[in-house]
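> Give me a model of this one.
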Amino acid sequence: MEQFDVVVAGGGMVGAATALGLAQQGMSVAVIEGKEPQPYHPEQPMDLRVSAISPNSVALLMRLGAWDSILQMRLCPFKRLETWEHPECRTRFNADEMNLDRLGYIVENRIIQLGLWQQFADYPTLSLLCPSRMEKAEPVDGGYRVVLDNGHQIYTRLLVGADGANSQVRQQTGIGITAWDYRQHCMLINVETALPQQDITWQMFTPHGPRSFLPLPGHQASLVWYDSPQRIRQLSAMAPAQLHEQICAHFPDELGEFKVLNSGSFPLTRRHAQTYFKPGVVLLGDAAHTINPLAGQGVNLGFKDVDVLLHEVEKGGKEWAEPAVLRAYERRRRPDNLLMQTGMDFFYTTFSNSLLPVKMARNIGLKLADHTGPLKKQVLKYAMGM
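Presented below is the predicted three-dimensional model:
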C-alpha cells in the first residue's frame, strides 16, 4: 500500500494551497481530485465563480509561489467598496483611507486554482491523483486508509478534508454539521459593460435580497442577484433579452449600459462542522464551514484556515499529526469563522426586515457608519484579514 504523510481530498483552491504548503515543509503529499481545471486562454469567457481576494490571501498565495502565475493570467484590482439601501445613506470604503494601493482583487476561482496547480511540479514529494475520487476512508493504527474509486488504496498519517460543502471526508469520518437553509438562491450573471474596467465593488440592499456588482477585467463585470428560490428559477429560465430587462428594472443606475453574457445560480446554505478534527483527520474551508456569500469572504476564510494549519503543523515538529496540533488549529479558527458567519447572518437578517422602524434604523446606521473613521477602518482591516 502506498504511503504518504498527508492525503488531501480536494484539489480546489483551499486543498491545493494546503498541499503546496505541506510539500514546502518537506512532507510527502497526495492530492485527490476528480477533475482537472480547464487550461487558461486569454480569449476564453470569464467563469461565473469569482472571489474577492483579500491582501491576507494574496500574501499566502505569494508564499506558495502561485501569485505570479495568477498575475500572468487575469484579475481585477479594486480600490473602493460601497454599500447602501437608500441611495443617500451609504457606507463607503476606500483603499486611500488605509494607505493601500487596493482593497483586494476579484479573481475567477479557476484562475486561482490553476495558479496553485502550476506549482505542483516544483515539489517531487507532491503526487496528484487526478481524475480520482475517494470512495472510502477508515481509521487504521496511526492514520487512515483511503480507498479510491479505481480500487487503489493509500495510507496516510493525516487525511485533510478540503473537498467542499458536501465533504466526503466529513461524512466518511462521522463528523456532524449544524446547518440551515437561508431560503434564498443566488444568481451570478456575467455582463459586458459600456463602462471600462472599474475599481469599485458595490452592494445595494432590497427587501428581496441584495444586488451586487463585482468588477472584472476589461469591459466586464459579475452581477450577483439574491432572491427567493422561485424568483431565481424564473430568472434562470429567461432569454438574455428578458434577463436584461429585469436587471435594468432591479439594479441601480450605477451599472450603466450592459449586455448579458452568461448566468448560473445556486442555493444559499449555512453549515458549520461540529468539530474541525478527529485523530488523523482535519477539515478546512467549505468542508468545515460555509458562509453567506454576502461579503465574498468564503475563500478568504478558507485561506486563513490553510495559513493557521500550516503554522501549527510546522510548530508541532515531529508531533505534527497529533490531536494537540489539530486542536490548536481548531481553537484559532473556529471563533473567527463563527464570528464571520454570525456577522453575515445578522447583516443579512437585519436588511431582510421590511418593518419601517428597522428600515429607518439601518439606513441611519449606514449613514453614520460612513463617518465613524477609526471604527470603519477597523471593520475593513478585519474583513481584509489584516
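> For the residue positioned nearest the centre of the chain, give its distance to residue 222.
The residue lying closest to the centre of the chain (CA atoms, centre = their mean) is residue 299, at 2.3 Å. According to CB to CB, to the nearest Å, residue 299 and residue 222 sit 14 Å apart. In this view, the C-beta of every residue, glycine as well, is placed from N, C-alpha and C.
> Would you mind confirming that the residue nearest to the centre of the chain is in contact with residue 53?
Yes: with contacts counted by CB atoms under 8 Å, residue 299 reaches residue 53, the gap being 7.2 Å.
> so what's in contact with the two at the same time?
Residues touching both residue 299 and residue 53 (CB atoms under 8 Å, 6 or more residues apart in numbering): residue 112.
> Looking at residue 87 now. What's its pLDDT?
Looking at residue 87, its pLDDT is 77.
> on that earlier part again, check which helix or strand covers the residue nearest to the centre of the chain.
Per DSSP states H and E, residue 299 falls inside helix 298-316.
> how far is the helix or strand where residue 339 lies from where the chain is centred?
Element membership for residue 339, per DSSP H and E: helix 323-352. Taking CA atoms, centre = their mean, to the nearest Å, one finds helix 323-352 lying 14 Å from the centre of the chain it belongs to.
> And stretch 187-202, by the same measure?
19 Å.
> For the remainder of this discussion, apply numbering that starts at 22.
In the new count, where the first residue is 22, that last one comes out as stretch 208-223.
> What's the end-to-end length of that stretch?
16 Å (CA to CA, to the nearest Å).
> Give me the buried positions along it.
208-212, 214, 219, 221-223 (16 or more other CB atoms under 10 Å).
> pLDDT averaged over it, what's the number?
Stretch 208-223 comes out at a mean pLDDT of 93.
> And for stretch 283-300?
94.
> Which positions within it qualify as buried?
Buried residues in stretch 283-300 (16+ other CB under 10 Å): 284, 286, 289, 291-294, 296-299.
> and which of the residues you listed is nearest to residue 312?
For the buried residues of stretch 283-300, the residue nearest residue 312 by CB to CB is residue 291; the value is 6.9 Å.
> would you say the closest one is within a strand?
Yes: under DSSP: H, G, I helix; E, B strand; the rest coil, residue 291 sits within a strand.
> just for the stretch 172-321 of the chain, where's the confidence low?
The stretch 172-321 of the chain contains residues with pLDDT under 70 at 314-317.
> Just the strands from it, written as ranges.
Using DSSP state E, counting those that start in this stretch, the strands of the stretch 172-321 of the chain run over 174-182, 198-214, 221-225, 232-237, 241-248, 279-294, 298-299, 302-304, 310-311.
> Relative to the longest one, what are the paired strands and their orientations?
Right, strand 198-214. When pairing is defined by DSSP bridges, strand 198-214 lines up against strand 241-248 (antiparallel), strand 279-294 (antiparallel).
> and the angle for the first one with strand 232-237?
Using axes from the mean of the first three to the mean of the last three CA atoms, to 10 degrees, the inter-axis angle of strand 241-248 relative to strand 232-237 is 160 degrees.
> could you check the angle strand 221-225 makes with strand 241-248?
20 degrees.
> what comes into contact with strand 241-248?
With CB under 8 Å, 6+ apart, strand 241-248 has contacts from 67, 69, 71, 127, 205-214, 218-219, 229-237, 253, 256, 268, 271-272, 276, 279, 282, 289, 314.
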